[in-house]
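# I would like to see how this sequence folds:
(one chain, ligands or ions: 2)
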Amino acid sequence: MTNQMPIGGRAEILAQNGRVPEALALLHDAAASKDPDACFSLALWHLAGRFVPRDLARTRAYLRAARELGDADAAAMEIALTANGTGAPADWSGALRLLRGAALRNSTAAAELKLVEAMDLADDGKPTRLPKAEQLVPDGAVIRFQNLLTAGECELIAQAAAGWLEPAVVVDPRTGQQVRHPHRTSDGAVLGPTRETLPIRAINQRIAAISGTATEQGEALIVLRYAPGQEFRPHLDALPNTHNQRVITVLVYLNDTNGGETRFPTYGLDVKPRMGDAILFRNTLPGGSPDPRAIHAGAPVTQGVKWLATRWIRARPFDVWSGPESAA
Ligand SMILES: O=C(O)CCC(=O)C(=O)O
Ligand SMILES: [Fe+2]
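Ligands and ions are numbered 1, 2, ... in the order given. Just a heads-up that it's a prediction; the model follows:
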């Protein structure tokens, strides 16, 4: 039986049973005989620092090897890490070259390439034009950018997230069990650096551009899906204790929604979700402490679903790899 299991799975079981040297020998031998699954497993272990020390340069080398041996998942991850600068300086044009290669063999990559080629981008993948900012409240505390994303871009983000959605959960302090969060009842998916396909990278750079921030200040893009009745109750996005505060939030609506308005009680403002529109607001006062006026909520959806992408932007570059409180 076990021999039918991909080599990565076999190595995983060995390593979990404390037989790490055997697991590594198995993977290294298989990688030397050009097994793509062994190369991909070694890439992931070095990326996560699982069973081996973390080593991003090795991650990149093993991803390249797995891609050259025909592994489509490795190819996708290599493209993402090339563009976002994980393991080597960010290289948009190198990533685009890899995507052009992948698009010849893979329909997902081909669809991504088509979307990226339709964008007006500079050589570093940054946008050359932006929609104009529209102040929704007199002091400019909430700003809207209509049609920041195209319908095709919205659809791609929702599709990319669909496979990773999980219910928002918290740990019940009494039982230690994970339970659904009554405060935020939607399902969510985190599109972190390994899932940052080129369209998503370009969109993250667009969000950075409208907010006047560096792309590296953004946390991973989060996609939320609300079913009828689901909501995000009034809250502040700023964190209670942090050295690197969430200064700005950008929300992008991925579809037209019935109900599900983003509500700002301080301003008596309800923003109706319209596909492709983004809103931006500040979460902190000039001194850096949380601004209570930024309280907001996602009202319950009345019919159909609401798809939303959220980018929380920190005061300084934010390294998703070394934990929420670390600043690069
Ligand atoms: O669903 C909404 O409109 C609000 C979402 C939100 O507040 C957030 O993602 O931080
Ligand atoms: Fe929020």
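
# what parts of this protein come near ligand 1?
Counting by Cβ under 6 Å from any ligand atom, the chain comes close to ligand 1 at F232, D237, T249, L251, T262, H296, G298, L308, T310. Quick note: C-beta positions are derived from backbone N, CA and C, even for glycine.

# who wins for most neighbours among these?
G298 (27 neighbours; other Cβ atoms under 10 Å).

# what sits closest to that residue if chain neighbours are left out?
F232 (3.6 Å; Cβ to Cβ, 6 or more residues apart in numbering).

# isn't that neighbour up against I295?
No: using Cβ atoms under 8 Å, F232 is not in contact with I295; the gap is 11.7 Å.

# quick revisit: which of the residues of the chain next to ligand 1 lies closest to ligand 1?
Using Cβ to the nearest ligand atom, G298 is the member of those that lies nearest ligand 1, at 2.4 Å.

# now the phi/psi pair for that closest one, please.
phi -100, psi 110 (degrees, to the nearest 10).

# if I read this right, it contacts E231, doesn't it?
Yes: if you go by Cβ under 8 Å, G298 and E231 touch, sitting 5.6 Å apart.

# can you name the next helix or strand after the helix-or-strand element of the chain with minimal mean pLDDT?
Here the helix or strand of the chain ranked lowest by mean pLDDT, DSSP states H and E is strand 169-171, holding a mean of 66. Using DSSP states H and E, the helix or strand that directly follows strand 169-171 along the chain is strand 178-180.

# partner strands of that next one and their direction?
Strand 178-180 has its sheet partners listed here by DSSP bridges as strand 169-171 (antiparallel).

# what segments of the chain are helices?
7-16, 20-32, 36-48, 56-68, 72-84, 92-103, 107-117, 151-162, 198-211 (DSSP state H).

# ok now the fifth one, how far from the chain's centre?
What that stands for is helix 72-84. Distance of helix 72-84 from the chain centroid (Cα atoms, centre = their mean, to the nearest Å) equals 14 Å.

# buried residues, it. List them.
D73, A74, A75, A76, M77, E78, I79, A80, L81, T82, A83, N84 (16 or more other Cβ atoms under 10 Å).

# same deal with the shortest one?
Along helix 7-16, these residues count as buried under the neighbour rule (16+ other Cβ under 10 Å): I7, G8, R10, A11, E12, L14, A15.

# mind checking pLDDT for the first one?
Right, I7. What the model reports as pLDDT for I7 is 95.

# same question, the last one
At A15 the predicted local distance difference test score is 97.

# same question, the third one
What the model reports for R10 is a pLDDT of 96.

# is it correct that it is in contact with D29?
No: R10 is not in contact with D29 according to Cβ under 8 Å; the separation is 11.9 Å.

# low-scoring pLDDT stretches of the stretch 201-328 of the chain, where are they?
Applying pLDDT under 70 to the stretch 201-328 of the chain picks out residues 322-328.

# kindly recompute the last result at 90.
Where the stretch 201-328 of the chain drops to pLDDT under 90, the residues are 240-243, 286-288, 318-328.

# where exactly do the strands run in it?
For the stretch 201-328 of the chain, the strands defined by DSSP state E, counting those that start in this stretch occupy 221-226, 232-235, 246-253, 258-259, 262-264, 269-271, 278-282, 296-298, 301-303, 306-314.

# what lines up beside the first one in the sheet?
In the sheet containing strand 221-226, the strands it pairs with under DSSP bridges are strand 187-191 (antiparallel), strand 306-314 (antiparallel).

# tell me which of those strands sits most buried.
Of all the strands paired with strand 221-226, strand 306-314 carries the top mean neighbour count, a mean of 24, counting by mean count of other Cβ atoms under 10 Å.

# got the angle between that strand and helix 198-211?
60 degrees (axes from the mean of the first three to the mean of the last three Cα atoms, to 10 degrees).

# mind checking how far Y226 is from P131?
Distance of Y226 to P131, computed by Cβ to Cβ, to the nearest Å: 25 Å.

# looking at those two, which has the bigger crowd around it?
Counted by other Cβ under 10 Å, Y226 and P131 do not tie: Y226 has more neighbours, with 26 against 17.

# isn't that one up against G304?
No: assessed by Cβ under 8 Å, Y226 is found out of contact with G304, at 9.6 Å.
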